[in-house]
Every structure is written in C-alpha cells, then in structure tokens.
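Undergrad: Here is a sequence together with a model predicted from it:
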Amino acid sequence: MKEKEEARLVKLKEIEKEFFDKGIKYIAGIDEAGRGPLAGPVVVGAVILKPDSMIEGVNDSKKVSENKREKLYEIIINEAISYGVGIVYPEEIDEINILQATKKGLTMAIKQMEQKPNIIMVDALTGIDTLGIPYKSIIKGDAKCYSIAAASIIAKVTRDRIMREWDKVYPEYGFAAHKGYGTAKHIAALKQYGPCPIHRRSFIKNFI
C-alpha cells in the first residue's frame with residue numbers, strides 16, 4: 001500500500017480509534033443506499049471490522065467506481081467480523097415514507113448481525129431503533145469514518161445487484177444503467193411505458 005493511501009486510511013479511522021483506545025471491541029458502521037431513486041428498494045448495510053483492518057480503497061461509495069466497489073465488497077465481507085443488510089421495498093417506502101423505511105432497514109441490518117456491536121457509527125440518522133445499542137450519528141459519515149464507508153459499499157453494491165436483476169425483468173427502463181435514479185432516460189421511459197411494480201408511486205407522481 002502506498003504511503004499516501006495508508007495515511008488516508010489512518011485519518012479515516014480516527015473516530016474508531018478513539019473508541020478502540022477506550023477498550024470498545026466491536027464498532028459497527030451503518031449506511032444506506034437508494035434514498036433518492038424513483039424505483040427499487042432502499043438498502044442499509046452494517047459492518048464490524050477488526051481494529052487493525054486497513055482495506056485499500058475503502059471510501060464513501062459515491063467516490064468509488066462500480067467495478068472497484070464490487071471488488072471491495074468481496075474483501076469487506078470476507079474480512080468482516082460480522083455484517084448485515086436491511087432491504088425495504090418500494091411498496092413499504094410508499095406506505096411509511098423513505099426516512100422511516102431507511103430507519104427500518106437499519107434495524108433489520110443490526111438484527112442480521114451474528115456479532116452485535118458495542119457501539120454504532122451511523123451516517124447522519126437520528127431517532128433510530130438500534131436495539132438498545134448506543135450510537136453516534138456523524139454528518140457525512142461515509143466520507144469521515146472507515147466503518148461507515150465500508151458499510152456504504154455493502155449497501156451500494158447490494159442495491160446495484162438488485163437493480164441489475166430487475167433490469168432483466170423490465171429492460172425498457174434501463175435500470176442496469178441508472179439503478180432507478182431519475183435520469184432523463186429513466187423519466188422518458190416512465191412517461192412512455194408508465195410505472196412498473198418496482199417504481200415508488202410516491203416518488204413518480206410528478207412524472208406520470
């Protein structure tokens with residue numbers, strides 16, 4: 001690993017280091033993918049990594065290419081002490097709203113973890129059910145905290161894979177390319193074909 005990358009990772013792990021230095025063993029990072037799209041689920045990833053974990057390239061998933069994210073995903077889940085994924089689908093997003101759906105996905109992700117964390121680092125969410133586990137909410141946490149960045153990659157890759165599968169079912173919308181986000185091509189397809197079952201009705205009312 002290059003010196004510059006090592007220094008970047010050390011800085012990215014400063015928040016976790018404070019807790020590791022206090023003897024806290026299991027720190028989970030949690031982040032979501034898919035709050036903004038017009039179609040598909042919102043996905044929440046949670047991961048506990050070892051104190052000495054230094055995975056080259058881990059960063060906010062939005063700053064990492066799709067191919068690189070796929071490779072990092074495999075490394076992260078192989079290195080993880082524990083991880084979980086919560087998926088909330090469009091019908092429920094429409095029913096309870098995207099913020100509540102994201103919070104529900106977070107609780108689902110924690111429940112999936114075989115090793116429960118001592119503390120949770122979460123990207124900007126508050127008022128969440130962490131099953132009694134203390135948490136620290138960090139604004140732009142995926143860019144400031146190693147564990148949250150790793151969780152953002154788990155969430156993003158999981159969601160992208162789901163959307164690529166839906167693209168096979170509904171190829172006319174181009175989900176494999178835009179993953180359900182409101183691109184010009186997606187909106188044009190929505191106007192031409194109308195919504196499909198994975199569209200979020202509460203998100204598309206201005207386009208149909």
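TA: Cool, got the structure.

Undergrad: what about the longest helix in the chain?
TA: Longest helix of the chain, by residue count under DSSP state H: helix 146-169.

Undergrad: mind listing what's buried in that helix?
TA: Residues 146-160, 162-163, 166-167 are the ones in helix 146-169 that count as buried (16 or more other Cβ atoms under 10 Å). (Glycine included, C-beta is placed from N, CA and C.)

Undergrad: repeat for stretch 36-50
TA: For stretch 36-50, by 16+ other Cβ under 10 Å, it's 37-49.

Undergrad: do the same with stretch 121-130
TA: Quick answer for stretch 121-130 (16+ other Cβ under 10 Å): 121-123, 125, 128, 130.

Undergrad: Please export the C-alpha coordinates of it as PDB.
TA: The C-alpha trace of stretch 121-130 is given here as PDB (Å, rounded to 0.1, in the frame of the first residue of the first chain):
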ATOM      1  CA  MET A 121     -21.400   4.700  13.800                       C
ATOM      2  CA  VAL A 122     -24.200   5.900  11.500                       C
ATOM      3  CA  ASP A 123     -24.300   8.400   8.700                       C
ATOM      4  CA  ALA A 124     -26.500  11.300   9.800                       C
ATOM      5  CA  LEU A 125     -29.500   9.400  11.100                       C
ATOM      6  CA  THR A 126     -31.100  10.000  14.500                       C
ATOM      7  CA  GLY A 127     -34.200   8.700  16.200                       C
ATOM      8  CA  ILE A 128     -33.400   5.200  15.200                       C
ATOM      9  CA  ASP A 129     -34.000   1.800  16.800                       C
ATOM     10  CA  THR A 130     -30.600   0.300  17.400                       C
END
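
Undergrad: for it, what is the average pLDDT?
TA: Taken as a whole, stretch 121-130 carries a mean pLDDT of 97.

Undergrad: ok now it, how far from the chain's centre?
TA: 13 Å (Cα atoms, centre = their mean, to the nearest Å).

Undergrad: Please, where are all the strands along this structure?
TA: Ranges of strands within the chain are 27-33, 42-48, 82-88, 119-123, 135-138, based on DSSP state E.

Undergrad: need those in JSON lines with distance to residue 96, can you?
TA: Formatted as JSON lines, the strands of the chain follow (distance: least, Cβ to Cβ, whole Å):
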{"stretch": "strand 27-33", "distance to residue 96": "15"}
{"stretch": "strand 42-48", "distance to residue 96": "11"}
{"stretch": "strand 82-88", "distance to residue 96": "8"}
{"stretch": "strand 119-123", "distance to residue 96": "19"}
{"stretch": "strand 135-138", "distance to residue 96": "20"}
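
Undergrad: Compare those strands and report which one is nearest to residue 179.
TA: strand 27-33 (8.8 Å; Cβ to Cβ).

Undergrad: Please give the centre-to-centre distance between that closest one and its chain.
TA: For strand 27-33, the distance to the chain centre is 7 Å (Cα atoms, centre = their mean).

Undergrad: What strands line up against that strand, and which way round?
TA: Applying DSSP bridges, strand 27-33 is found paired with strand 42-48 (antiparallel), strand 119-123 (parallel).
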